[in-house]
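1. Only the shape, not the letters, is given here:
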């Protein structure tokens, strides 16, 4: 009986020590943040942040945030909503309970984030959107990529490459996400200029996924055998899936592929020549700008709620090494 | 005690001063036990006396709280059954746990498969299995699936499995509870040859006749205490019972005056394809109708169909002159039938529920209002009433039934049906695995119920029970009604003849 | 006599172990983070656990019969998206739409229950099939897009409060009380335990085992419908991706609460305390700025710990 009680206590102790262990671990790794209220007195703020999911891109973005926060003497509380909109609301509630000074959110869903705006208003805590737009008419603080421009860049360059005439297919992001909506809008802006000359054979979502894009493009190659001239993908992952399908079919030289994001694999593909080009959105810069904006809002330097975009850059074989030598140098 | 000196030289295993506690129960209190080479040692005692507990300690399933075990004079302590096996101690368990979707051979050699390299050598395994089966006198192909066997055949396979370890000490915990008389005979043959081989056998049973047939010495436990060890030749049945129950065994079977009344249940040509055929009988108020036959002869199956647990494929059932169409348990209950099933743990009780919950379970419909809310006060009252009437021993009504002894569990199954106040009661092996004291109580109760005007079907494999209780006896053989005998004409021989489909001359 | 008291003490400690753990955890957390033990935060936790709590109540009832319901997350999504669609169209009164959503949950549960009970199909497989069917229907209905612009009166279900208590919490409490009454005071509840404890014994006792087995899935579906309403109101949109992997949290709360997945044994209040424990851990780790990666490890360890306690208890 003693043994049984003991083992139960052990389990309890294990769980408790793990809790303590985790918390002290992160606090140490932060290097500071022992007492948030105390650091506020020194002039720094506590910035709460919840992101939709720790993708490679988001990880780079949060690194930019951390660097900037440190520079400004602020604490950063970083949470991951794991693609669950309800969970993100929960996290924002928790950040509010924690009395952070400002909240930065990379929304899981452009619609589902709307209740958070009201919650933050009620609590008197400013809210700054990053990377994902909110689906509202009301003005709000936002730092994000110019996805319309990205869509324009990738479509324009693809069309230029095939000589201003031919058939394209589009691999879209998940329907309804702001990146998908805006990149498609950018695609369309260019297509409008080439009406009659450029034909869109198909456009479907592959949900940002390499595997889904691979299957989709395999099917398209079958359906539109010999007709496709260019594949325009809303991100590099899907572009890479398309490239895999083309390689399997031995069509790499026949069909042009463009992407967005300039992830490491994407840049390597650009260097190889399998990917014509990709649009670079500086994730670190985006994170750092978001933190800067949050700071400026608190300091009263930014009063008007507006969207600010960070620059998008067209990456080709000529300038891809700049990226590979800097942010991807490790 | 008396044979201590002469046993000394051949002493194989000795348990000294063993104590074992379970939550709230002192299962064994400073008991002693000695096993001698080449002898069959019967362990007797009522249920809950601690027999199985001690054997499980010796076989490494439980660990003793106090006391020591010596094997060939050396102190040992087994932590697992495997550990005990490696020291030559094997045990045939009371409750079977075969893997139904594996073959006999696979079950026999589970955990010690014959292998050639990494691959299982089925050929050798089946050959060895066939030999083992032959040894225990079972004529079955080793490749047959376990689930195709009858309960008694499974038990024989279990016995074969225990033999396959070639153990020095073989513990048999009620091996004969589920097997036929013919198989018992072959089991005894095996035991005798093991004995000649110099093995030690521990034989646990409730059956008196078996003990005197096979045992060399008898140890008696009572309420977790060691009472004594006796030479089988020095003690008679009556003395033994007194040692076990600590009271004189007077009249076991109650005397009744039987006055036949109107027919309440009539079954005509009831059939279930491949299971039983053309079963017809009548049951009257105030009568006890005995159902005899071997295990698997169709007695239980007929009752299951009658009660609607399975569906009959032909024939008619009349209850109180009304035809019972498409029987379902719920319907049968509402017609006033109660069914005390054979397998307490299998379909009689919900072990994880309390005494109270189990007792009122089939009556909840009557004990709740139209909204389905239970009238708890009334339910508790009737449950309490029947607990007292049946003399159920439990600390309180919220006790889990799994913590009670077999006899008390069986009484709860009875209570659960009596609470419904049925006119027709089916008892399927109501005394299996319970001790003499509880048995007598159940006999008295059944007799009283008949006296009160209930109609009773009494199924039993134990011949004295059938003869002692029944007004009429129906005998089954392989899914058919083989004969019907009135109380006056029923004898053990006649029943046996019908039940095994052999001439009197062919009987053992 | 001494034996009896000893046993009583131990049972008591074991039974309420979970509550001690929750209280202990609360004390530890309030030392670590000054924000934990504030009124608003505790109300937050209660609001945050409401969805999982309601799902876990349904799950517990299913598990008591020895079943499991993997489709709860998807049923939440489907009921939610239909509710959002109807709310956007503004053709029916909100109360009716809420009832429709709950009924849809019950209907999908009926599908589960029918095949489990009357076809004797394995609950794991049947509800797995429902899991993907309901998710697929959600995408079909929504064409993969969120449905927003829901009326503000509806959104009050998500963020409103009555006398300081959040509406979702009030709904959870009502569901809990109703389910508790059902399990303890109605014969249906006894039948659920009996079917899970020993199906054969239940059948022999005249219980309509198939109907009980079917009903528990309907109840779980209804719980999903209720949770869907709260979730939709909370995020102010019908999301095709809503409720993904919620079945795991519901099962976790159930198991932590001491309900046996093999059926017949368990208690509803344990499930609620289990849900609270998970909620507190999530909330506490958020407050302590612990990465979600660690949060998952902690959750896994808690589930393991609960199972260990339970298996010790049954030894």
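-> Alright, I've got the coordinates. Computed from a prediction, not measured in an experiment: that's the story for all the values here.
2. Quick one: neighbours of the residue nearest to residue C:186 when sequence neighbours are not counted, just the number.
-> Nearest residue to residue C:186, sequence neighbours excluded (C-beta to C-beta, 6 or more residues apart in numbering or on different chains): residue B:372, at 4.4 Å. For every residue, glycine as well, the C-beta is placed using N, CA and C. For residue B:372, the neighbour count with other C-beta atoms under 10 Å in any protein chain shown is 16.
3. Also residue B:398?
-> Residue B:398: 11 neighbours (other C-beta under 10 Å).
4. List the beta-bridge partners for the residue nearest to it when sequence neighbours are not counted.
-> Spatial nearest neighbour of residue B:398, excluding adjacent residues (C-beta to C-beta, 6+ apart): residue B:354 at 4.7 Å. Counting by DSSP bridges, residue B:354 forms beta bridges with residue B:400.
5. how much space between residue C:289 and chain B?
-> Distance, residue C:289 to chain B, using C-beta to the nearest C-beta, to the nearest Å: 44 Å.
6. tell me the SS of that residue?
-> Following DSSP: H, G, I helix; E, B strand; the rest coil, we place residue C:289 in the coil state.
7. still on that earlier bit, I figured the residue nearest to residue C:186 was touching residue C:181, is that so?
-> No: if you go by C-beta atoms under 8 Å, residue B:372 and residue C:181 don't touch, sitting 10.3 Å apart.
8. what's the residue nearest to residue C:186 in contact with, if anything?
-> Applying C-beta atoms under 8 Å, 6 or more residues apart in numbering or on different chains, one finds that residue B:372 lies in contact with C:186-188.
9. all helices for the chain, in order.
-> Answering for chain A, as no chain was given. Secondary structure of chain A by DSSP state H: the helices cover A:2-30, A:36-41, A:56-72, A:85-97, A:114-123, A:147-161, A:178-193, A:210-223, A:236-249, A:264-272, A:283-299, A:320-325.
10. wrong one, I was asking about chain C
-> In chain C, the helices defined using DSSP H lie at C:2-32, C:39-64, C:72-89, C:94-118, C:123-142, C:152-159, C:167-184, C:187-197, C:199-204, C:209-235, C:246-256, C:268-287, C:292-313.
11. For the ones you listed, give me a markdown table that also has distance to residue A:290.
-> Shown next, in a markdown table, are the helices of chain C (distance: least, C-beta to C-beta, whole Å):
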| stretch | distance to residue A:290 |
| --- | --- |
| helix C:2-32 | 28 |
| helix C:39-64 | 25 |
| helix C:72-89 | 30 |
| helix C:94-118 | 37 |
| helix C:123-142 | 30 |
| helix C:152-159 | 26 |
| helix C:167-184 | 31 |
| helix C:187-197 | 52 |
| helix C:199-204 | 58 |
| helix C:209-235 | 22 |
| helix C:246-256 | 30 |
| helix C:268-287 | 20 |
| helix C:292-313 | 19 |
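12. Next to chain A, which bits of the stretch 151-300 of chain C? Give me the list.
-> For the stretch 151-300 of chain C, the residues in contact with chain A (C-beta under 8 Å from any C-beta of the partner chain) are C:155, C:158-159, C:231, C:234-237, C:239, C:241-245, C:281-294, C:297-298.
13. out of the residues you listed, which are buried?
-> Among those, the ones that count as buried by 16 or more other C-beta atoms under 10 Å in any protein chain shown are C:155, C:158-159, C:231, C:234-237, C:239, C:241-244, C:281-292, C:294, C:298.
14. ok, so what distance separates residue A:65 from chain B?
-> 54 Å.
15. is it true that that residue touches residue A:291?
-> Yes: applying C-beta under 8 Å as the test, residue A:65 and residue A:291 come out as touching, 5.0 Å apart.
16. intersection of neighbour lists for the two?
-> Common neighbours of residue A:65 and residue A:291, using C-beta under 8 Å, 6+ apart, are A:47, A:76, A:104.
17. any idea which element the residue in the stretch 401-508 of chain B that chain C sits nearest to lies in?
-> Of all residues in the stretch 401-508 of chain B, residue B:416 sits closest to chain C, at 7.2 Å by C-beta to the nearest C-beta. Per DSSP states H and E, residue B:416 falls inside helix B:406-418.
18. which other helices and strands contact that helix?
-> strand B:337-340, helix B:355-360, helix B:376-389, helix B:436-451 (3 or more C-beta pairs under 8 Å, 6 or more residues apart in numbering or on different chains; DSSP states H and E).
19. 6 Å - rerun?
-> For helix B:406-418, the packing partners by 3 or more C-beta pairs under 6 Å, 6 or more residues apart in numbering or on different chains; DSSP states H and E come out as strand B:337-340, helix B:355-360.
20. which element follows the longest one toward the C-terminus?
-> On the C-terminal side of helix B:355-360, the nearest following helix or strand under DSSP H and E is helix B:364-367.
21. What are the buried residues along that following helix?
-> Buried residues in helix B:364-367, counted by 16+ other C-beta under 10 Å: B:364, B:366-367.
22. Serialize those to JSON lines and add fields for pLDDT.
-> Output for the buried residues of helix B:364-367, formatted as JSON lines (pLDDT from 0 to 100):
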{"residue": "B:364", "pLDDT": "90"}
{"residue": "B:366", "pLDDT": "86"}
{"residue": "B:367", "pLDDT": "88"}
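23. ok, so of the residues you listed, who is nearest chain A?
-> When those are compared for distance to chain A (C-beta to the nearest C-beta), residue B:364 wins out at 35.3 Å.
24. thinking that closest one is in contact with residue C:187, fair?
-> Yes: using C-beta atoms under 6 Å, residue B:364 is in contact with residue C:187, at 3.9 Å.
25. Buried ones in stretch B:448-462, by neighbour count?
-> Of all the residues in stretch B:448-462, those buried under the rule 16+ other C-beta under 10 Å are B:449-450, B:454-462.
26. Please apply the same query to stretch C:98-114.
-> Residues C:98, C:100-102, C:104-114 are the ones in stretch C:98-114 that count as buried (16+ other C-beta under 10 Å).
27. Show residues contacting stretch B:341-350.
-> The contact list for stretch B:341-350 (C-beta atoms under 6 Å, 6 or more residues apart in numbering or on different chains) reads B:300, B:358, B:401, B:409, B:413, B:428-429, C:194, C:197-198, C:200-201, C:204.
28. Only the buried subset of these, as a PyMOL command please.
-> Restricted to buried positions by 16+ other C-beta under 10 Å, the PyMOL selection for those reads:
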select buried, (chain B and resi 300+358+401+409+413+428+429) or (chain C and resi 194+197+198+200+201+204)
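29. any chance of the contacts of stretch B:341-350 in a markdown table, plus pLDDT?
-> Converted to a markdown table, the contacts of stretch B:341-350 look like this (pLDDT from 0 to 100):
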| residue | pLDDT |
| --- | --- |
| B:300 | 89 |
| B:358 | 93 |
| B:401 | 89 |
| B:409 | 88 |
| B:413 | 92 |
| B:428 | 91 |
| B:429 | 88 |
| C:194 | 94 |
| C:197 | 91 |
| C:198 | 91 |
| C:200 | 89 |
| C:201 | 90 |
| C:204 | 89 |
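30. between the contacts of stretch B:341-350, which is nearest chain A?
-> residue B:401 (23.0 Å).
31. Isn't the closest one up against residue B:356?
-> No: using C-beta under 6 Å, residue B:401 is not in contact with residue B:356; the gap is 9.8 Å.
32. residues in chain B within reach of chain C, list them.
-> Within reach of chain C by C-beta under 6 Å from any C-beta of the partner chain, chain B has these residues: B:23-24, B:329-330, B:333, B:341, B:346-350, B:352-353, B:361-362, B:364, B:368, B:372-374.
33. hang on, residue A:50 packs against residue A:81?
-> Yes: the pair residue A:50 / residue A:81 is scored as a contact, 5.4 Å apart, by C-beta under 6 Å.
34. okay, and the common contacts of the two?
-> Residues touching both residue A:50 and residue A:81 (C-beta under 6 Å, 6+ apart) are A:88, A:91.
35. Beyond the helix holding residue B:416, next helix or strand please.
-> Downstream of helix B:406-418, the next assigned helix or strand under DSSP H and E is strand B:424-428.
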